[in-house]
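Novice: Got a predicted structure plus its sequence, pasted below:
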Protein chains: 2
Amino acid sequence: MVRSEAGKKQVAVRGAGQDGVYEDRTLIDQLVADGELSDPASTRGRLLNCGARLFQQKGFARTTVRDIGAEVGILSGSIFHHFSSKEEILRCVMEEVIRFARARMAAAVAAEEDPRDQLRACIRCELEAVHGHSVPGFSILVLEWRSLSSESQASVLRLRDSYEQIWREVFTRLGRPLDDPALSRRLIQGAIAHTHNWFRPEGKTLSLEGLSGQILAVFAPE
Amino acid sequence: MVRSEAGKKQVAVRGAGQDGVYEDRTLIDQLVADGELSDPASTRGRLLNCGARLFQQKGFARTTVRDIGAEVGILSGSIFHHFSSKEEILRCVMEEVIRFARARMAAAVAAEEDPRDQLRACIRCELEAVHGHSVPGFSILVLEWRSLSSESQASVLRLRDSYEQIWREVFTRLGRPLDDPALSRRLIQGAIAHTHNWFRPEGKTLSLEGLSGQILAVFAPE
DNA sequence: TTGCGAACCAAGCAAGTGCTTGGTAGTTTC
DNA sequence: GAAACTACCAAGCACTTGCTTGGTTCGCAA
């Protein structure tokens, strides 16, 4: 709620900014320059970041436009100068989340050659996204899907498919564990998304790295 | 818990009742007689069944007490003669869903001897539950978990653990795919729950039986 | 200087929300 | 047969919700 001129410094590499801002600075800057993401320092960008965090924490229905405005430091009515409706905020959050996650994962896959290592990179990427590192708001894609109108769903779905395509290509190259790469992807997608409900990275017993290995062991045993 | 009246073949009366009532008559009757489920013909039972269906269709937040009352045929205020709050309806729905799903799966497991067949039975059971056959409202357990207060979550969690215990025992007997049965369960739980978002049983390409086989192939390859 | 539009405020509307209150039939209990 | 209880209705209260409206400030360009 306190207006913190925080927009400027955000040099944060690891350790998110006040609004839960993305971490990877160079990638962000590139995407902002390409017009794929809103500038996180702008009011619109801050509304999206705060919205993402609140939607993830409390859920879309339990988050009010007054909540979002208060965190950004403007009144609720002023939000509608930037977005035409509350639902549009959710849709834009989802779109930016997908664009960022897609760019991140594409880079991670391109850094590997062996298909199994590529799968490992995908798993790691999505796990980090689900657990709030690197891509805040990622789990909203699953949790709040039904909060979108069917028109918005169709729009977001097209974008999302370009993200899924990366996964499917990796499973195709791997040729496992099922004949149908799309089906493999859907099963692993559910398994990873569900870790949001039980896995706590701070728990000492199993690290996120260790969890990646276990999931890999199931979907691509050696 | 281990209601092993299993071999009784469960003469499922396919075709739900007016309120989308459970299918397996004999099992239901037994659980009602034991006081584990509300009589689906009573007002309370009908409120729970209607609530379950509406919560699943529209989500908890988007379902109003007026919606529920209208479906049952009473005014919204009268609901609070049976439940102290809207949230209590959700909690009771979840509890009854768990009790029924637990009894159904225990019976299915007890009917098999080979651990791999037992796993297949579990997968089949939970897939049917998730997709609205046999256990209406099952997916509420995942989708609306955050709509419960933390006290209610703790209460439901205890009950739910007795359901999860069945899964863990099966994975323990199977000794696959991971060393940790609880972890295996959580991964397969996510994979199965997520099918709710994409699998359509009426689609000709892949039946629910076929899907069961594919999931089994991943988590317990021959 | 003047004009203009972007960004925001202050106030509030209309529609809904969960839940309460006071009351009334019908049934059961003693 | 009076009392108590169950299950419900009719009405509405207190509050929250997304969003609108009219007006103000301020940077910037002509």
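Specialist: That came through fine.

Novice: Surely A:Phe199 touches A:His131?
Specialist: Yes. In this structure A:Phe199 lies within contact range of A:His131 using CB atoms under 8 Å: 7.0 Å. Just so you know, the C-beta spots here come from the backbone N, C-alpha and C atoms, and that holds for glycine as well.

Novice: any common contacting residues for these two?
Specialist: The contact sets of A:Phe199 and A:His131 overlap at A:Leu208 (CB atoms under 8 Å, 6 or more residues apart in numbering or on different chains).

Novice: Next, the contact list for the closest residue to A:Leu143 other than its chain neighbours, please.
Specialist: Using CB to CB, 6 or more residues apart in numbering or on different chains and skipping the chain neighbours, the partner closest in space to A:Leu143 is A:Gly59 (7.1 Å). Residues in contact with A:Gly59, defined by CB under 8 Å, 6+ apart, are A:143-144, B:61, B:146-147.

Novice: Same question for A:Arg124.
Specialist: A:108, A:208-209, A:212.

Novice: again, only this time at 10 Å
Specialist: A:105, A:108, A:208-209, A:211-213, A:215-216 (CB atoms under 10 Å, 6 or more residues apart in numbering or on different chains).

Novice: which SSE is it in?
Specialist: helix A:115-130 (DSSP states H and E).

Novice: so how far is that helix from its chain's centroid?
Specialist: 13 Å (CA atoms, centre = their mean, to the nearest Å).

Novice: And A:Thr205, its phi and psi?
Specialist: phi -70, psi -40 (degrees, to the nearest 10).

Novice: Give me the neighbour count for it.
Specialist: Here the count is done by other CB atoms under 10 Å in any protein chain shown, and A:Thr205 has 7 residues near it.

Novice: The one 10 residues further on too?
Specialist: A:Ile215 has 23 neighbouring residues, counting by other CB under 10 Å.

Novice: before we move on, back to that, which ones among the contacts of A:Gly59 are found in helices?
Specialist: The helices, defined by DSSP state H, take in A:Leu143 from those.

Novice: Which one of the contacts of A:Gly59 is nearest to DNA strand C?
Specialist: B:Ala61 (7.5 Å; CB to the nearest atom of the strand).

Novice: A:Arg53 versus the nearest residue to the closest one once chain neighbours are set aside, what's the distance?
Specialist: Nearest residue to B:Ala61, sequence neighbours excluded (CB to CB, 6+ apart): A:Ala61, at 3.4 Å. A:Ala61 is 16 Å from A:Arg53, where distance means CB to CB, to the nearest Å.

Novice: more neighbours, those two?
Specialist: A direct count of neighbours by other CB under 10 Å for A:Ala61 and A:Arg53 places A:Arg53 higher, at 22 against 15.

Novice: coming back round to it: local confidence estimate at the residue nearest to A:Leu143?
Specialist: Looking at A:Gly59, its pLDDT reads 92.

Novice: Surely A:Ser78 and A:Val72 touch.
Specialist: Yes. Contact criterion CB atoms under 10 Å: A:Ser78 and A:Val72 qualify, at 9.0 Å.

Novice: between those two, who's got more neighbours?
Specialist: For the pair A:Ser78 and A:Val72, the greater number of neighbours falls to A:Val72 (23 against 14), based on other CB under 10 Å.

Novice: Look up how far B:Ser84 lies from that one.
Specialist: 37 Å.

Novice: what about A:Val170, how many neighbours?
Specialist: Counted with other CB under 10 Å, residues neighbouring A:Val170 total 25.

Novice: quick one on the thing from earlier: in CSV, list the contacts of A:Arg124 along with pLDDT and distance to A:Val97.
Specialist: Converted to CSV, these look like this (pLDDT from 0 to 100; distance: CB to CB, whole Å):
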residue, pLDDT, distance to A:Val97
A:Met105, 95, 12
A:Ala108, 95, 16
A:Leu208, 93, 19
A:Glu209, 93, 23
A:Leu211, 96, 21
A:Ser212, 96, 21
A:Gly213, 96, 26
A:Ile215, 98, 21
A:Leu216, 98, 24
